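Novice: Build me a model:
(chains A and B)
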Amino acid sequence: MTVPSTQTVVYEWLRHDKKFPHVWCPGCGLGILLGALVRALAASGLTKDQVALVSGIGCAGRLPVYVDVGSIHTTHGRALTFATGIKLSKPELTVVVVMGDGDAMAIGGNHLIHAARRNLDLVAVVVNNRTFGMTGGQFSPTTPMGAKTTTALYGHIEPEFDIAAVCATAGAALVARSTVYHVDRLERLLLQALQKKGFSVVEVMSPCYTNFGRQNLMASHVVMMKQLKEQGIPVERWQKMSEIERRGSFPLGVLVDRDLPGYLDSYREVCKTAAKLRSEGKI
Amino acid sequence: MAARKRKQSPQHEDQREKVRFYPAWCKRCGNCAAFCPQHVIEMDQWGYPHAVRTHDCISCHMCEKLCPDFAVTVGEETPSSVSRRGAAGPSPGTEGSLVSQDHSPERLAKTPHPDEEEHD
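Specialist: Model prediction:
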């Protein structure tokens, strides 16, 4: 895979009329994801006209604004529904949906599991920073138990959602996870998800220092990045580890990769059957 | 550190521009300095990064990829980087810098470049 340089990415794929540097906090993982996503798009050989970027609300919702492709910034949690409409009306487009963890699991949790069940040919990038970063650090469904947030001053009392496990159970064709620290792996996984036929989910673990790290006594986002580096373990090694060793860490890489009947094919078949019956005058 | 004591050869002079920064987009997060495996990058007293031991650079592109703001470039100079070289160089506000301390990053980012027209 040829890796395009930063210069190529900035000058060919980012919108020059948008204000740079972008809105995210210093050291935010979303900037790293933006670079990785754009490099993966460039490496996949797609042109700008063949890609549609959809996002919901939140810090991650700002991402498509910076990329010079057809993009839509939709309502909270409903990015996947808009993407479904785009894909059904224009199946030739590669539709990438960028969501945060609050967007994907809290408000849009229902849409995520049903999009995975339906197995429409979409790429869902779920950025998991374990908090509602934009609104001031309230707990989200992926906040770990015991963590302090604005709305859980004495420690969070609910267990967390495992986004990858939920999507795998719901029926996604490809489920992968990476962190923004493991940026090469992230780029490879995004490329694989772009080329995969079927619903692909890439969970991206990202640090939120401003609204999560500071409340949990982490010294800086660099410390959070180093934590991600230690917590993320390649899935091959993860499978050989015991239950106790796994505590506090998570597997990285392709967790599920399977070929399932796609919604688009079934939909076309139904359309053909209906047209045939209509032409025969049966309906 | 063993790598630091390595002898310099004449061609190392040419590599001075190998790691380049674009301070107008830099938010001083420090990812580039923290995660460089060869410790090539250091932060100055204002928090802006600069390359100190470029002859140790192994071109792993880690700083470039971990920079959330596209403010680091590793490798050969391209026409676009040459055209923006005026904005690069010393940290904003310091001696010899063309960028004032209270610079407007937006205005700098909007400056049209000759090779940009074809993409618009």
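
Novice: and the spatially closest residue to residue A:233 that is not a sequence neighbour, how many neighbours does it have?
Specialist: Excluding the flanking residues, the one nearest residue A:233 by Cβ to Cβ, 6 or more residues apart in numbering or on different chains is residue A:249, at 5.1 Å. C-beta coordinates here come from the backbone N, C-alpha and C atoms, glycine included. Residues near residue A:249, counting by other Cβ atoms under 10 Å in any protein chain shown, number 14.

Novice: now swap in residue A:204 and tell me
Specialist: 29.

Novice: Residue A:277 now?
Specialist: Residue A:277 - counted by other Cβ under 10 Å - has 11 other residues nearby.

Novice: quick one: secondary structure of it?
Specialist: helix (DSSP: H, G, I helix; E, B strand; the rest coil).

Novice: list the contacts for it?
Specialist: By Cβ atoms under 8 Å, 6 or more residues apart in numbering or on different chains, the contact set of residue A:277 is residue A:283.

Novice: can you list the weak-confidence ranges in chain A?
Specialist: A:1-5, A:7, A:16-18 (pLDDT under 70).

Novice: What are the boundaries of the helices in it?
Specialist: In chain A, the helices defined using DSSP state H lie at A:6-13, A:29-43, A:79-89, A:101, A:109-118, A:163-170, A:183-195, A:221-231, A:235-240, A:243-246, A:263-279.

Novice: so which of the ones you listed is the most packed in?
Specialist: helix A:101 (a mean of 29; mean count of other Cβ atoms under 10 Å in any protein chain shown).

Novice: So out of everything in the stretch 51-200 of chain A, what residue is nearest chain B?
Specialist: Of all residues in the stretch 51-200 of chain A, residue A:183 sits closest to chain B, at 4.4 Å by Cβ to the nearest Cβ.

Novice: Thought residue B:63 was touching that residue, still the case?
Specialist: No: judged on Cβ atoms under 8 Å, residue A:183 makes no contact with residue B:63 at a distance of 10.9 Å.

Novice: Can you classify the residue in chain B that chain A sits nearest to by secondary structure?
Specialist: Residue of chain B nearest chain A, by Cβ to the nearest Cβ: residue B:68 (2.4 Å). Three-state assignment for residue B:68 (three-state DSSP): coil.

Novice: rewinding a little: which residue is the nearest non-sequential neighbour of the residue of the stretch 51-200 of chain A closest to chain B?
Specialist: Nearest to residue A:183 is residue B:65, by Cβ to Cβ, 6+ apart, at 4.4 Å.

Novice: close enough to count as contact, that neighbour and residue A:185?
Specialist: No: with contact defined as Cβ under 8 Å, residue B:65 does not count as touching residue A:185 (11.1 Å).

Novice: Can you report how many residues lie near residue 21?
Specialist: Using chain A. Other residues close to residue A:21 by other Cβ under 10 Å number 20.

Novice: think we crossed wires, I meant chain B
Specialist: 22.

Novice: I figured it hits residue B:48, correct?
Specialist: Yes: assessed by Cβ under 8 Å, residue B:21 is found in contact with residue B:48 at 7.4 Å.

Novice: Need the overlap of contacts for the two.
Specialist: Listed as contacting both residue B:21 and residue B:48 by Cβ under 8 Å, 6+ apart is no residue at all.

Novice: Return the nearest residue of chain A with respect to chain B.
Specialist: Counting by Cβ to the nearest Cβ, chain A gets nearest chain B through residue A:31, at 2.4 Å.

Novice: So that residue versus residue B:29, what's the distance?
Specialist: 9 Å (Cβ to Cβ, to the nearest Å).

Novice: any common contacting residues for these two?
Specialist: Common neighbours of residue A:31 and residue B:29 (criterion: Cβ under 8 Å, 6+ apart): B:68-69.

Novice: Show me which residues of stretch B:60-72 are buried.
Specialist: Within stretch B:60-72, the residues scored as buried using 16 or more other Cβ atoms under 10 Å in any protein chain shown are B:61-72.

Novice: CA-only coordinates of it in PDB, if you can.
Specialist: C-alpha atoms of stretch B:60-72 as PDB (Å, rounded to 0.1, in the frame of the first residue of the first chain):
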ATOM      1  CA  CYS B  60       9.000   6.300  10.100                       C
ATOM      2  CA  HIS B  61       6.500   9.100   9.600                       C
ATOM      3  CA  MET B  62       5.200   8.600  13.100                       C
ATOM      4  CA  CYS B  63       5.200  12.300  13.900                       C
ATOM      5  CA  GLU B  64       3.400  13.100  10.600                       C
ATOM      6  CA  LYS B  65       0.700  10.500  11.200                       C
ATOM      7  CA  LEU B  66       0.200  11.300  14.900                       C
ATOM      8  CA  CYS B  67      -0.100  15.000  14.300                       C
ATOM      9  CA  PRO B  68      -3.800  15.800  14.500                       C
ATOM     10  CA  ASP B  69      -3.300  19.100  12.700                       C
ATOM     11  CA  PHE B  70      -1.300  18.200   9.600                       C
ATOM     12  CA  ALA B  71       1.500  20.500  10.800                       C
ATOM     13  CA  VAL B  72       4.400  18.000  10.400                       C
END
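
Novice: Quick one: residues contacting the closest residue to residue B:53 other than its chain neighbours.
Specialist: Spatially, and ignoring its direct neighbours in sequence, residue B:53 is nearest to residue B:40 (5.2 Å; Cβ to Cβ, 6+ apart). Residues in contact with residue B:40 (Cβ under 8 Å, 6+ apart) are B:19, B:51-54, B:56-57, B:63.

Novice: For residue A:43, see how far away residue B:40 is.
Specialist: Relative to residue A:43, and taking Cβ to Cβ, residue B:40 is found at 26 Å.

Novice: Surely residue A:181 and residue A:229 touch.
Specialist: Yes: between residue A:181 and residue A:229 there is a contact at 4.7 Å, judged by Cβ under 8 Å.

Novice: Please consider this matter closed, and thank you.
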